[in-house]
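**Student:** using only what follows, build the 3D model:
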Amino acid sequence: MIYNVTWLTSKTKQIYSASKNSEVLMSYLEERLINSNVVELIGEHPVPDKGREYGVIIYYYTTKPKRRLLSAAPRRDHDHIHVVLFRGILSRSQLLENKFEVGNSADPQPDIKVHTKTEIDILVELIQKNLQQI
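**Tutor:** Sure, this is the predicted structure:
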């Protein structure tokens, strides 16, 4: 793990040839999380684990690395980013109610595909509301 990075300076961005839209969404997500004051620390795992095609950027809601908020990964052949939410911050049902494309992961770590900046705005608003409950 590498800490105190940003998407633009990450090894993940340097190593993988993500699609242009995927890169734009990664930058926008990070900008929104930081500007909304829900992220205290950013880390990355640039070498993919078995079964993963890409490295991953991990966002923490405290400066303690064990307090993960979410992880985000770009995609090479698709125009979305893959986001996994941690610590039960949002449930699958909340994500489905807000019309997100939800993956196969179960609660308390649901995953979604994010396709647009509007979806990122909705996601950050939901996180801000629910973060107070943790």
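
**Student:** mind checking pLDDT for the nearest residue to Lys64 once chain neighbours are set aside?
**Tutor:** Nearest residue to Lys64, sequence neighbours excluded (C-beta to C-beta, 6 or more residues apart in numbering): Leu41, at 7.9 Å. No exception for glycine: its C-beta is placed from N, CA and C like everyone else's. What the model reports for Leu41 is a pLDDT of 92.

**Student:** isn't Leu41 up against Asn4?
**Tutor:** Yes - counting by C-beta atoms under 8 Å, Leu41 touches Asn4, with 7.4 Å between them.

**Student:** tell me which residues touch Asn130, please.
**Tutor:** Ile89, Leu90, Gln94 (C-beta atoms under 8 Å, 6 or more residues apart in numbering).

**Student:** mark which of those residues are part of strands, please.
**Tutor:** Using DSSP state E, the subset of the contacts of Asn130 located in strands is empty.

**Student:** got those as TSV, with pLDDT and distance to Thr62 columns?
**Tutor:** TSV is the format used below for the contacts of Asn130 (pLDDT from 0 to 100; distance: C-beta to C-beta, whole Å):
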residue	pLDDT	distance to Thr62
Ile89	90	13
Leu90	93	18
Gln94	94	22
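
**Student:** what's the closest of those residues to Lys117?
**Tutor:** Leu90 (18.4 Å; C-beta to C-beta).

**Student:** would you check how far apart that closest one and Asp79 are?
**Tutor:** 23 Å (C-beta to C-beta, to the nearest Å).

**Student:** also Ile122?
**Tutor:** According to C-beta to C-beta, Ile122 stands 18 Å off from Asp79.

**Student:** ranges for the helices of the protein?
**Tutor:** With DSSP state H, the ranges of helices along the chain come out as 11-15, 20-35, 92-97, 117-131.
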